[in-house]
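Chemist: A predicted structure for the sequence below; I have some questions about it.
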Amino acid sequence: MNKRCYEIYKKAEANPKGLRFQEMVSLCKCIGMRLDTTQGSHWIYILDHPFALLSIQKMKDGKAKPYQVRELLNIIEENGLDHLE
C-alpha cells in the first residue's frame, strides 16, 4: 500500500462515516481489488487472492455507506493488507 492509499485507509479507520465514495473506490484499487460488475447503484469489487467480494454504493451526499467502509476495513485487516510498502 503506497503512502496515499495508507492515508485513505487511516482516514477510513478514523471516521467510516466521512469517507467519500471515490476514496473508497481508490482504496479498493489500492489493495488489488478489481471492479467485476455494476448492477444499478451497486459496484461489485473482487479480490482474487485471498478471495473477497464487496458490494459498494454511493449515498446521495457522495459518501460511501459506513457499514460498507467497515466491511472493506475488515477485508484489509483480516488479510494483512494494511502495511506501507
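Modeler: Right, received. Where do you want to start?

Chemist: which stretches in the protein count as strands?
Modeler: With DSSP state E applied, the chain shows strands at 34-39, 42-47, 52-56, listed in chain order.

Chemist: who's in contact with the second one?
Modeler: Spelled out, it's strand 42-47. By CB atoms under 8 Å, 6 or more residues apart in numbering, the residues outside strand 42-47 that reach it are 25, 28, 31-38, 52-57, 75, 79. Quick note: C-beta positions are derived from backbone N, CA and C, even for glycine.

Chemist: mind redoing it with 10 Å?
Modeler: The contact list for strand 42-47, computed with CB atoms under 10 Å, 6 or more residues apart in numbering, reads 21, 24-25, 27-29, 31-38, 52-58, 68, 72, 75-76, 79, 81.

Chemist: emit the PyMOL select command for whichever of those residues are buried.
Modeler: Filtering the contacts of strand 42-47 down to the buried ones (16 or more other CB atoms under 10 Å) takes a single PyMOL command:
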select buried, resi 21+24+25+27+28+31+33+52+54+56+58+68+72+75+76+81
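
Chemist: about what we covered before: adding distance to Arg4 and mean pLDDT, write the strands of the chain out as a markdown table.
Modeler: Rendered in a markdown table, the data for those read as follows (distance: least, CB to CB, whole Å; pLDDT from 0 to 100):
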| stretch | distance to Arg4 | mean pLDDT |
| --- | --- | --- |
| strand 34-39 | 19 | 93 |
| strand 42-47 | 18 | 96 |
| strand 52-56 | 19 | 96 |
